[in-house]
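[1] no sequence for this one, just the structure:
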């Protein structure tokens with residue numbers, strides 16, 4: 001019997017639904033899932049029939065617990081293999097969500113951390129259940145998060161709140177996520193799907209040319225905040241240095257041993 005897909009796709013009229021389908025891993029974003037997200041959104045963009053996309057996680061525990069660095073992509077097409085030589089799967093998926101020609105909604109149905117939160121912030125709107133927990137724990141793990149990801153936090157939250165989220169590595173729960181701007185709408189869990197799909201229906205019912213034009217214009221406005229090539233190289237060097245640091249090794253060991261890490265700054 002075939003293994004179930006790690007990404008479930010569904011059409012509801014002009015609404016497309018993408019559902020991460022790894023509940024046993026709290027919907028961690030494997031490279032395979034990310035490739036499937038990219039391929040699904042690229043196909044829908046070419047067809048030009050999906051006017052709003054809803055992205056969520058299977059089950060009721062997690063939207064996504066973050067990037068799964070242990071998994072590797074399999075069964076990719078030659079065209080996809082070429083894409084992966086230029087961009088990693090996370091970059092491809094985040095870019096496809098950000099640049100999808102019509103609005104996207106993250107239906108945050110549970111835990112949402114790291115790259116999972118980054119992907120939610122790439123969506124145009126975020127609707128969350130009132131018992132969610134979200135955060136960017138990179139600083140606690142000894143990681144310098146990629147510059148494009150941090151830029152996305154700044155674009156959505158503003159510089160001051162993005163700094164607090166990134167520096168503290170805190171987990172924000174319920175109203176805390178709303179106050180920080182990580183979630184746009186917080187609703188009772190029992191109302192999450194109805195609220196999200198009512199919003200999706202409202203958006204999808206608007207004029208397609210207007211939706212495309214507004215989405216593209218907003219993305220062009222955001223693009224003015226991108227780093228120069230020199231600044232990007234510096235940011236990438238900082239990230240690479242953190243990955244090779246003793247602090248990152250200590251963070252990983254502390255996580256395994258379930259204790260507070262003892263950072264040395266090396």
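    Happy to help now that I have it. Since the model is a prediction, treat every value here as computed from it, not as a measurement.
[2] name the SS class of residue 53, please.
    At residue 53 the chain is in strand, as set by DSSP: H, G, I helix; E, B strand; the rest coil.
[3] and it, how far is that from residue 266?
    44 Å (C-beta to C-beta, to the nearest Å). (Each C-beta comes from the backbone N, C-alpha and C, glycine too.)
[4] of these two, who's got more company?
    More crowded of residue 53 and residue 266, by other C-beta atoms under 10 Å: residue 53, with 24 against 7.
[5] enumerate every residue touching the more buried one.
    Residues near residue 53 by C-beta atoms under 8 Å, 6 or more residues apart in numbering: 15, 16, 17, 18, 41, 44, 100, 102, 103, 104, 105.
[6] wouldn't the fifth one be in contact with residue 96 here?
    Yes: counting by C-beta atoms under 8 Å, residue 96 is a contact partner of residue 41 at 4.2 Å.
[7] can you pull out the helices in this protein?
    Under the criterion DSSP state H, the chain carries helices at the ranges 31-47, 78-86, 89-99, 115-122, 147-157, 159-168, 175-179, 192-204, 208-223, 229-243, 246-257.
[8] most packed of these?
    With neighbours taken as mean count of other C-beta atoms under 10 Å, these reach their highest mean count in helix 115-122, at a mean of 26.
[9] which residues touch that helix?
    In contact with helix 115-122 (C-beta under 8 Å, 6+ apart) are residues 27-29, 55, 62-67, 90, 93-94, 97-98, 104, 106, 108, 112, 126, 134-136, 149, 152-153, 156, 182.
[10] how far does stretch 171-180 sit from its chain's centre?
    Mean-position distance between stretch 171-180 and its chain equals 17 Å (C-alpha atoms, centre = their mean, to the nearest Å).
[11] how about residues contacting it?
    Outside stretch 171-180, the residues that touch it by C-beta under 8 Å, 6+ apart are 113, 128, 130-135, 137, 157, 161, 164-165, 182-184, 186.
[12] ok, 6 Å please
    130, 133, 134, 135, 161, 182, 183, 186 (C-beta atoms under 6 Å, 6 or more residues apart in numbering).
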